[in-house]
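1. what's the 3D shape of this:
(chains A and B)
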2 protein chains.
Amino acid sequence: MKINGRGYRTIWPDANGRTVHVIDQSQLPHAFVTRRIDSLDDAVAVISDMVVRGAPLIGVAGAYGLALAAADDPSDAAIDAAYAKLFKARPTAVNLRWALDRLRHCLLAAPPAERRALAYAQAARIADEDVTCCEAIGEHGAALIAEAAAKNPGRPVNILTHCNAGWLATVDWGTALAPIYKAARAGVAVHVFVDETRPRNQGASLTAFELLGEAISHTVIVDNAGGHLMQHGFVDLCIVGSDRTTRSGDVCNKIGTYLKALAAHDNGVPFYVALPSSTIDWRLRDGVREIPIEERDQREVTHISGRAADGSLVNVQLTPHGSSARNFGFDVTPSRLVSGLITERGVCDASESGLRGLFPELARAA
Amino acid sequence: MKINGRGYRTIWPDANGRTVHVIDQSQLPHAFVTRRIDSLDDAVAVISDMVVRGAPLIGVAGAYGLALAAADDPSDAAIDAAYAKLFKARPTAVNLRWALDRLRHCLLAAPPAERRALAYAQAARIADEDVTCCEAIGEHGAALIAEAAAKNPGRPVNILTHCNAGWLATVDWGTALAPIYKAARAGVAVHVFVDETRPRNQGASLTAFELLGEAISHTVIVDNAGGHLMQHGFVDLCIVGSDRTTRSGDVCNKIGTYLKALAAHDNGVPFYVALPSSTIDWRLRDGVREIPIEERDQREVTHISGRAADGSLVNVQLTPHGSSARNFGFDVTPSRLVSGLITERGVCDASESGLRGLFPELARAA
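-> Here you go, the predicted model:
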């Protein structure tokens, strides 16, 4: 997608066939900087320092890290050692493990002399598959936005989103934002209300930055504001992402998603969740009871970073000395509050039968 | 209430019979400083610069400002001029106008030689009436907390609150926090989840600061977290304040209150609103349709202030250059989501019959 008028992916190989480049997301939205990855250690660093974030992107960065290691030393031992280093960079990232397993399996089955070329080709393939999946989500979701536009000709479709489920979290297009990009490029007038998404403010920083780059009209709001907006008809539909989806259609997403789903339900506003089928955990049925919720460092609540008047990035404390905080990363929105799931194979009800209809082979295998 | 072990009101006259002191709330929670008000102009400044805030407190500060003016020049002309200056300091503050009207009316009816003493006595009386009202709210609300404690002996009552409806917004005790203080002083174990309350963060700053001073166990959370907490049984009841209440029991309070009320309703958590009867607007029935919602400067959303590592207060930008924001100050919680209204005369249903039962003379007069 576009930044300052130029098209980017979040990660791309250099023409030299070795180096890999990424957007340094730790400096967004205040500075746009790309980083060069020249070695396995560079790859470990960009993952662990959250220069790249978002499950699909972390997976691709890990795959390229393994390719860089294979370029230096294609032996089994070197590949195993690189795998272990990369996996430790973000041990809870499911996509990282999945991408590393896939690539390692493929490399170890090939003769060492072929491994370097194979590794780069496989990493590129994992990236391209992610792009294809996100584009498909975008096309299916854009049809819903076009329907909403047809109901109110002459005015933009107002869409509320939470957190950043955009292209910066993937390789390109994103999940929740992909339908918005596809609709906008198809000429549908859209306007996005962007929840700032405390405590890490991925909405106010990353989502707003993405929408600026694509020149899509948007308004940043505090997380408290969505209910009021929906009560007063400011929102036509909500689209959010999902970190984990149960087979019954419960959705685990960034903390605060549940509150917006309640407001949407109370005001008859459609509430859609965009997700690749890779987020469906077919072993789970009751999201509220069964999905463990990560509790993160309280410092994300008590402190915040932003750009001071002199342009420097400054971290400031918000709470009084002596008050502690708790910081739950996600919440679960029960399927009864979800109008539909937007997947790479189409839109379905947030229910077991809905998901099984689109992904019968996955439902059976589980 | 207590700060660093010493009892305070938010405003108090000096023993010299002229000067008035206030807590400088613009520096909380990072520095505790009091300010001396020696003149009418000082009083205007503390009101307009938001050194004092909260409707009841602004009213009392205005009354003392008029007393200071009368001490210098008790003529009708001087009192009228002071009235005009004070009123302009925060023209939308209803309590300010009410307090100024009451005091001016009283002063103009008295001989000039008696006005100075009368003004200080009346200002003190307005302050004391506010304290009495808040204490009564506290006693009635504390009974609800004690009931909740009796249901789960041996563990603290977990209370979620939003924004700051504490003693710093009044002269003493507060509204939503008064029941918590009264319960704690009566020996009931309480723990408070404090919504940070973006964009102005009155929860993370003022409410947390108040609770620290009273040594009440509390945890600051982002505004996104309350739904998750209620889904998982972390919250026994919610208590919030009200800026304006319709005769049918709809409640206009700080933006985001409605979202918490939805979560409480969805999870069977009692949701109480504490309010003095002065916030009831008997002319209104449908809060969502009839109460105009103030839209404030977008800079409160795009920027935030906090304490940097070197101790200085720094204002930082959160959003990318080019993204705009909207900033609605309040939302309306429909009475159907409110379990009860805690007033100075007792607790009633959030309904016209409930309010009329407690305040028949006010309902009739409207």
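2. Low-confidence stretches in chain A?
-> The model of chain A has no residue with pLDDT under 70.
3. Longest helix of it, counting residues only.
-> Secondary structure assigned by DSSP state H gives helix A:112-151 as the longest helix of chain A.
4. send the alpha carbons of stretch A:228-239 over as CSV?
-> What follows is stretch A:228-239 as a C-alpha-only set of coordinates in CSV (Å, rounded to 0.1, in the frame of the first residue of the first chain):
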residue,chain,number,x,y,z
HIS,A,228,-21.9,7.9,21.5
LEU,A,229,-21.2,7.8,17.7
MET,A,230,-23.3,4.8,17.2
GLN,A,231,-26.2,6.2,19.3
HIS,A,232,-26.3,9.1,17.0
GLY,A,233,-26.0,7.4,13.6
PHE,A,234,-22.4,8.4,12.9
VAL,A,235,-21.4,4.8,12.1
ASP,A,236,-22.8,2.6,9.3
LEU,A,237,-20.7,-0.5,10.2
CYS,A,238,-17.8,-1.7,12.3
ILE,A,239,-14.9,-3.9,11.0
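5. Quick check: the nearest residue to A:A113 once chain neighbours are set aside vs chain B, distance?
-> Of all residues not flanking A:A113 in the chain, A:P74 sits nearest, at 7.3 Å (CB to CB, 6 or more residues apart in numbering or on different chains). Any C-beta I mention is one placed from the backbone N, CA and C, and that applies to glycine too. Noted for A:P74: a distance of 42 Å to chain B, by CB to the nearest CB, to the nearest Å.
6. What helix or strand is A:P74 located in?
-> When elements are assigned from DSSP states H and E, A:P74 belongs to no helix and no strand.
7. quick one, phi psi at it?
-> A:P74 has phi and psi values of phi -90, psi 10 when expressed as degrees, to the nearest 10.
8. can you check A:G7 too?
-> The phi/psi pair for A:G7 (degrees, to the nearest 10) reads phi -80, psi 140.
9. Now do the same contact list for the nearest residue to it once chain neighbours are set aside.
-> Nearest non-adjacent residue to A:G7, counting by CB to CB, 6+ apart: A:M1, 6.9 Å away. Taking CB atoms under 8 Å, 6 or more residues apart in numbering or on different chains, we find A:M1 in contact with A:G7, A:Y8, A:W167, A:D172, A:W173, A:Y181, A:E210, A:G213, A:E214.
10. let's go with 10 Å and repeat that
-> By CB atoms under 10 Å, 6 or more residues apart in numbering or on different chains, the residues touching A:M1 are A:7-10, A:166-168, A:172-174, A:177-178, A:181, A:210-211, A:213-214.
11. can you check A:A99 too?
-> By CB under 10 Å, 6+ apart, the contact list for A:A99 reads A:55-56, A:58-66, A:86, A:93, A:122-123, A:126-127, A:130.
12. again, but for A:A309
-> Contacts of A:A309 (CB under 10 Å, 6+ apart): B:H303, B:V314, B:N315, B:V316, B:Q317.
13. What of A:D223?
-> A:D223 neighbours (CB under 10 Å, 6+ apart): A:162-163, A:195-199, A:201, A:203-204, A:254-256, A:259-260, B:196, B:198-199, B:222-225, B:255-256, B:259.
14. Over to A:A176?
-> A:A176 sits in contact with A:137-138, A:141, A:159, A:161-166, A:169, A:207, A:238-242, A:253, A:272-275, A:342, where contact means CB under 10 Å, 6+ apart.
15. among those, which are within reach of chain B?
-> A:H162, A:C163, A:T207 (CB under 10 Å from any CB of the partner chain).
16. From those residues, list just the buried residues.
-> A:H162, A:C163, A:T207 (16 or more other CB atoms under 10 Å in any protein chain shown).
17. Strands of the stretch 151-300 of chain A, residue ranges please.
-> Remark: strands assigned in the stretch 151-300 of chain A by DSSP state E, counting those that start in this stretch are A:157-161, A:190-195, A:218-221, A:237-240, A:244-246, A:251-254, A:271-274, A:280-281.
18. closest one to A:A45 among those strands?
-> The closest of the strands of the stretch 151-300 of chain A to A:A45 is strand A:251-254. By CB to CB, the value is 25.3 Å.
19. how much distance is there from that closest one to the middle of the chain?
-> Here strand A:251-254 shows a centroid-to-chain-centroid distance of 11 Å under the convention CA atoms, centre = their mean, to the nearest Å.
20. what do you get for stretch A:76-83?
-> 28 Å.
21. ok, residues contacting it?
-> With CB under 10 Å, 6+ apart as the test, stretch A:76-83 has contacts from A:40-41, A:43-44, A:62, A:65-70, A:72-73, A:75, A:97, A:100-101, A:103-104, A:107-108, A:112, A:115, A:119.
22. Next step: those residues restricted to helices.
-> Going by DSSP H, the helices hold A:40-41, A:43-44, A:62, A:65-70, A:72, A:97, A:100-101, A:103-104, A:107-108, A:112, A:115, A:119 from those.
23. Using neighbour counts, trim those to the buried set.
-> Buried by 16+ other CB under 10 Å: A:40, A:43-44, A:62, A:65-70, A:97, A:100, A:103-104, A:107, A:115, A:119, out of these.
24. could you redo the strands of the stretch 151-300 of chain A as a markdown table and give each row distance to B:V33?
-> Listed next are the strands of the stretch 151-300 of chain A as a markdown table, based on distance: least, CB to CB, whole Å:
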| stretch | distance to B:V33 |
| --- | --- |
| strand A:157-161 | 41 |
| strand A:190-195 | 35 |
| strand A:218-221 | 33 |
| strand A:237-240 | 43 |
| strand A:244-246 | 48 |
| strand A:251-254 | 38 |
| strand A:271-274 | 46 |
| strand A:280-281 | 53 |
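25. Mean neighbour count added to those, as JSON lines?
-> Output for the strands of the stretch 151-300 of chain A, formatted as JSON lines (neighbours: other CB atoms under 10 Å in any protein chain shown):
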{"stretch": "strand A:157-161", "mean neighbour count": "25"}
{"stretch": "strand A:190-195", "mean neighbour count": "24"}
{"stretch": "strand A:218-221", "mean neighbour count": "26"}
{"stretch": "strand A:237-240", "mean neighbour count": "25"}
{"stretch": "strand A:244-246", "mean neighbour count": "26"}
{"stretch": "strand A:251-254", "mean neighbour count": "27"}
{"stretch": "strand A:271-274", "mean neighbour count": "27"}
{"stretch": "strand A:280-281", "mean neighbour count": "20"}
